[in-house]
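Colleague: what's the 3D shape of this:
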Amino acid sequence: NNIENNNENNIENNIENNNENNIENNIENNNMDVDNEEVSSLYTDRLKKLKRILVDGLDVDLILNFLFKKCKSDNSILKSIKQVTDNKGSMLHNGLVVAHAYMNAGTTWDVFLRENLDWLGKASNWAKFTAVGSVGVVHKGQVHQSMQLLQPYLPVAGRSASPYSEAGALYALGLIHASKGGSGDSATITYISDALRNSGNNEVVQHGACLGIGLAAMATGNEMLYNELRQILFTDSAVAGEGAALGIGLILLGQSDSLLAQTSITDLLNYAHDTSHEKIIRGLGLGIAMLVYGKEESADMLIEQLSRDRDSIIRYGAMFAIAMAYCGTSDNNAVKKLLHVAVSDVNDDVRRAAVMSIGFVMFKSSDIVPKLVTLLAESFNPHVRYGAALAIGIACAGTANKDATDLLYGMLNDQVDFVKQGVYMSLALVLMETSEERTSVVRKFRDHLMMVINDKYQSGIAKSGAIIAHGILDAGGRNVVMSMQSRSGVVKMGAAVGCMLWLQYWYWYPLMLTLSLSFTPTVMIGLNDNFDMPTTFTAKCNAPPSVFSYPKIEEKKDNEKKFVATAILSTTAKAKAREARKEAKKHGGPTSPNSGKIPLSRQTSMSSDVGESPDKTLPDAPSLQRVYSNMSTTSYLSLEERVDDKQKEEDKKEIKKEKEPTSFMLSNPCRVTPAQVKYITTVTESNKYIPIHHIQNKDKKNKQAPTGIIMLSPTNPNENMNDEEVIKVEVIALGAGGVEEEVIKVEVIALGAGGVEEE
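Modeller: Purely as a prediction, here's the structure:
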């Protein structure tokens with residue numbers, strides 16, 4: 001019995017234990033499945049966010065939204081320039097088109113063009129190419145809708161409206177997708193390369209397609225695209241060959257040590273010596289300069305070979321090769337070499353290029369550049385003076401450096417027109433995003449530009465420089481600055497090359513549009529973990545609001561004719577007195593010269609002319625009186641008016657001006673200029689968020705506020721942030737310029753408001 005009982009108990013215990021173990025194992029397995037699902041969903045969410053940043057272009061969408069909603073460009077400036085320059089030549093027309101492109105770069109605001117389509121239609125040939133290409137600058141970053149935007153101009157099989165507009169549209173596609181096209185296999189690059197193959201022998205379309213491919217596939221090193229451009233280059237067509245040479249340089253940008261570049265450099269140099277077209281030689285020189293970007297000492301052998309060439313155009317390219325290889329390094333040997341060429345070369349173009357290249361090499365040491373080129377700015381050679389002005393503008397862009405502004409302001413009245421053109425654009429670069437409170441030069445410079453534009457005796461070159469300077473001053477809706485380095489000090493490849501190509505407008509005006517590649521938005525955009533912009537995040541600027549405010553948009557004054565007082569001289573009064581005496585004789589009045597009496601009827605009529613009462617006599621020399629006329633100049637002889645003026649001045653003194661605050665708050669998102677960064681603090685007591693930058697750098701002494709696109713972390717992690725108001729990133733509709741109010745109505749969307757986002 002004992003044995004049987006023990007066996008039964010053991011069996012029961014085993015069964016119970018097995019059941020318990022199975023239940024526990026099942027529970028654990030189920031829990032693990034739940035954990036795996038949670039981990040999988042979290043992993044998927046993170047992958048989606050990473051894809052949104054790296055592939056979908058979240059940063060591009062954020063900047064596009066900011067520039068669209070915060071655009072402060074003043075179209076009244078463009079309208080006033082248009083009235084003065086209308087029907088005055090294609091140079092001024094082209095200059096205004098470029099100025100509009102700069103002024104609205106990246107904002108998608110093209111209201112001025114849509115309101116003046118007849119005026120825009122006056123562009124012909126290469127001016128039409130530039131006009132259509134400027135659309136790419138205005139819509140820079142509109143990568144998702146670029147094809148739809150340019151559809152009316154793009155080439156279509158079996159139909160060709162104008163080769164210049166088609167080429168301009170391909171150029172515009174390249175500007176929109178510059179540095180954003182991927183590894184050479186994106187849909188845009190494929191489309192442009194197909195257009196190049198289908199262009200036949202049309203060198204205009206080939207030129208636009210080559211530039212478009214180079215910009216969209218910048219620095220990809222795609223061998224297939226290189227071979228296509230090489231075929232166009234060897235057709236020996238001047239226009240198409242120049243575009244192909246520049247396109248090759250852009251595709252192989254900074255890759256001189258690659259196998260493809262090593263074999264191509266020899267071919268390009270040999271062809272530069274064989275061809276007779278200066279445009280192709282210049283394009284090849286600049287293309288080789290782009291190949292050695294950032295290579296420093298490893299490019300010295302090639303630079304030495306180019307700079308000793310007999311052909312001055314190849315030596316011209318050698319100067320920009322130094323600029324690209326040593327960009328932002330402040331290398332002493334590179335500066336010595338450039339200064340030596342600037343004073344010794346026999347060709348003016350080479351000397352001009354050498355001085356301009358100093359700005360590229362030294363732009364990180366911008367304070368030194370004005371002192372370095374002071375003597376060159378006083379040179380007898382106008383090409384050297386022009387180069388010195390551009391070097392200062394490139395190196396000191398957006399800094400409002402006092403030495404730079406003083407030197408350039410003194411060159412505004414240079415005797416040579418193209419020097420004045422360069423000075424206008426350089427000073428505009430230096431004064432970008434500078435308010436009148438920071439320096440009084442801004443107001444004087446703007447007035448000087450308008451004076452030059454309105455002066456009929458100024459040349460077209462000087463006027464076009466003044467018009468383009470207006471566009472640079474207000475570039476990007478007054479929210480961008482020309483900069484060749486990131487906020488952390490890294491040289492930006494696309495910006496440096498864009499600025500270098502911009503300088504080639506001297507030979508080819510359409511390259512003016514490449515300056516937009518160096519425009520850097522000056523923004524501070526705070527994002528939470530869902531990539532939305534919380535409105536509760538603010539920043540404090542410890543400076544008066546006027547120091548970093550936008551320029552005021554000037555209201556147009558009515559040009560109504562006002563009646564102004566005029567003085568009656570004594571000779572006029574005597575003449576009237578003689579006429580009055582003659583009238584008195586006719587009516588039987590006294591004729592004695594000593595009697596100045598006039599009949600009562602005549603006294604009444606005279607009193608209405610002269611302003612006296614009827615019972616007074618008219619003396620021979622009456623005192624100065626006031627009458628009102630449209631034709632006269634202003635007179636301030638009235639005692640009553642002087643009393644009124646004094647009273648007004650006293651009234652003005654009595655009105656006390658409100659004291660300007662010493663600090664102000666910035667909302668999210670906002671503009672933060674480079675000079676403003678040191679006054680910004682983002683850690684305030686009222687903020688519910690803190691930049692992750694501050695959390696990671698707690699122990700560091702440098703507490704400078706981060707700018708650009710910054711990630712935020714809640715100050716209280718346990719607080720529920722789901723119900724706060726945020727600004728979501730929106731897709732900017734085509735042609736949205738002018739319907740800003742409708743967009744702003746839906747820009748603030750509460751989290752959790754399902755279904756509202758689509759509306």
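
Colleague: name the SS class of the closest residue to Val547 other than its chain neighbours, please.
Modeller: Once flanking residues are discounted, Val547 sits nearest to Glu437: 4.9 Å by Cβ to Cβ, 6 or more residues apart in numbering. Backbone N, C-alpha and C define where each C-beta goes, glycine included. Under DSSP: H, G, I helix; E, B strand; the rest coil, Glu437 falls in the coil class.

Colleague: Glu437 reaches Ser546, doesn't it?
Modeller: Yes. Contact status for Glu437 versus Ser546: in contact at 4.5 Å, counting by Cβ atoms under 8 Å.

Colleague: give me every residue that touches the residue nearest to Val547.
Modeller: Listed by Cβ atoms under 8 Å, 6 or more residues apart in numbering, the contact set of Glu437 reads 544, 546-547, 549.

Colleague: can you tell me which of the residues you listed has the most neighbours?
Modeller: When neighbours are counted by other Cβ atoms under 10 Å, Val547 leads those with 18 neighbours.

Colleague: tell me where the model's unsure across the stretch 551-700 of the chain.
Modeller: By pLDDT under 70, the low-scoring segments of the stretch 551-700 of the chain are 554-569, 587-658, 683-686, 694-700.

Colleague: about what we covered before: please tell me how far the residue nearest to Val547 sits from Phe548.
Modeller: 8 Å (Cβ to Cβ, to the nearest Å).

Colleague: picking that back up, out of the contacts of Glu437, which is nearest to Arg197?
Modeller: Ser549 (51.8 Å; Cβ to Cβ).

Colleague: please pull out the lowest mean pLDDT helix or strand from the chain.
Modeller: helix 740-745 (a mean of 32; mean pLDDT, DSSP states H and E).

Colleague: re the thing from before, which neighbours do Glu437 and Ser546 have in common?
Modeller: With Cβ under 8 Å, 6+ apart, Glu437 and Ser546 have no common neighbours.

Colleague: centroid-nearest residue for the chain?
Modeller: Ala475 (2.8 Å; Cα atoms, centre = their mean).

Colleague: list the contacts for it?
Modeller: Counted by Cβ under 8 Å, 6+ apart, Ala475 has contacts 102-103, 105, 432, 481-482, 519.

Colleague: where does this structure have low pLDDT?
Modeller: 1-36, 157-160, 180-185, 554-569, 587-658, 683-686, 694-704, 721-722, 733-759.

Colleague: run through the neighbouring helices and strands of the top strand by length along it.
Modeller: Secondary structure of the chain per DSSP state E: the longest strand is strand 708-714. For strand 708-714, the packing partners by 3 or more Cβ pairs under 8 Å, 6 or more residues apart in numbering; DSSP states H and E come out as strand 523-527, strand 689-691, helix 692-696.

Colleague: listing partners with orientation, what would you give for the second one?
Modeller: Pairing partners of strand 689-691, with direction, according to DSSP bridges: strand 708-714 (antiparallel).

Colleague: for stretch 366-377, list every residue counted as buried.
Modeller: The neighbour-count check on stretch 366-377 (16 or more other Cβ atoms under 10 Å) flags 366, 369-370, 372-373, 376-377 as buried.

Colleague: quick check, distance from it to the centre of its chain.
Modeller: With Cα atoms, centre = their mean, to the nearest Å as the basis, stretch 366-377 stands 25 Å off its chain's centre.

Colleague: for it, measure first residue to last.
Modeller: 16 Å (Cα to Cα, to the nearest Å).

Colleague: which residues sit against that stretch?
Modeller: 330, 335, 342, 355, 358-359, 362-363, 384-385, 387-389, 391-392, 395-396, 399, 401, 403-404, 407, 411.

Colleague: before we move on, back to that, just the helices and strands packed on strand 708-714: most buried one?
Modeller: strand 523-527 (a mean of 23; mean count of other Cβ atoms under 10 Å).

Colleague: so which elements touch it?
Modeller: helix 58-69, strand 533-534, strand 670-671, strand 708-714.

Colleague: strands of the chain, residue ranges please.
Modeller: Going by DSSP E, the chain shows strands at 480-482, 519-521, 523-527, 533-534, 539-541, 564-567, 626-629, 664-666, 670-671, 680-681, 689-691, 708-714, 725-727, 748-750.

Colleague: many thanks, have a good one.
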